[in-house]
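[1] no sequence on hand, only this structure:
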């Protein structure tokens, strides 16, 4: 079963169980997926769906930070609940140690030396780690690898 089908099935289950918040989050995800399919005239594969989920998760994390600074605990709770639902659609994430090891291998493969090669390494890292790792952690690992 594709990830897209799983999300659709989860929406139906949330409707039956009358889980309003979960249903709203899943509908938001399905709308983002449909928008991309219509805009680009494509059918999304699992990798593209994971990229959309990643983008929505990043938006939620940014919102949580800003709402917390503004003292809006009600909105922090709402965004946190959405974040929890969205994270269920991501594949297993790499640990910090696994990211460091994979980035070191990638730097060696590309022959990158120094901070000037950051863009080249990050471009390859985005393709290799899409959906498997938080790109903020990957970026920090790349910086450490290129400095050392």
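    Looks like it came in fine. None of the values given here were measured: they were computed from a predicted structure. Numbers count the residues shown, from 1 in each chain.
[2] report the secondary structure state of residue 105.
    Secondary structure assignment for residue 105 (DSSP: H, G, I helix; E, B strand; the rest coil): helix.
[3] got a pLDDT number for it?
    Note for residue 105: predicted pLDDT of 89.
[4] quick one: low-confidence parts of this structure?
    For the chain, applying pLDDT under 70 flags the ranges 148.
[5] ranges for the helices of it?
    Ranges of helices in the chain, per DSSP state H, are 3-16, 20-40, 46-70, 73-87, 96-110, 118-129, 135-147.
[6] just the angle between the fourth one and helix 3-16, please?
    Yep, that's helix 73-87 we're talking about. Per axes from the mean of the first three to the mean of the last three Cα atoms, to 10 degrees, the angle that helix 73-87 makes with helix 3-16 is 130 degrees.
[7] contact partners of helix 73-87?
    21-22, 24-26, 28-29, 53, 56-57, 60-61, 63-64, 67-68 (Cβ atoms under 8 Å, 6 or more residues apart in numbering). In short, each C-beta sits where N, CA and C put it, glycine included.
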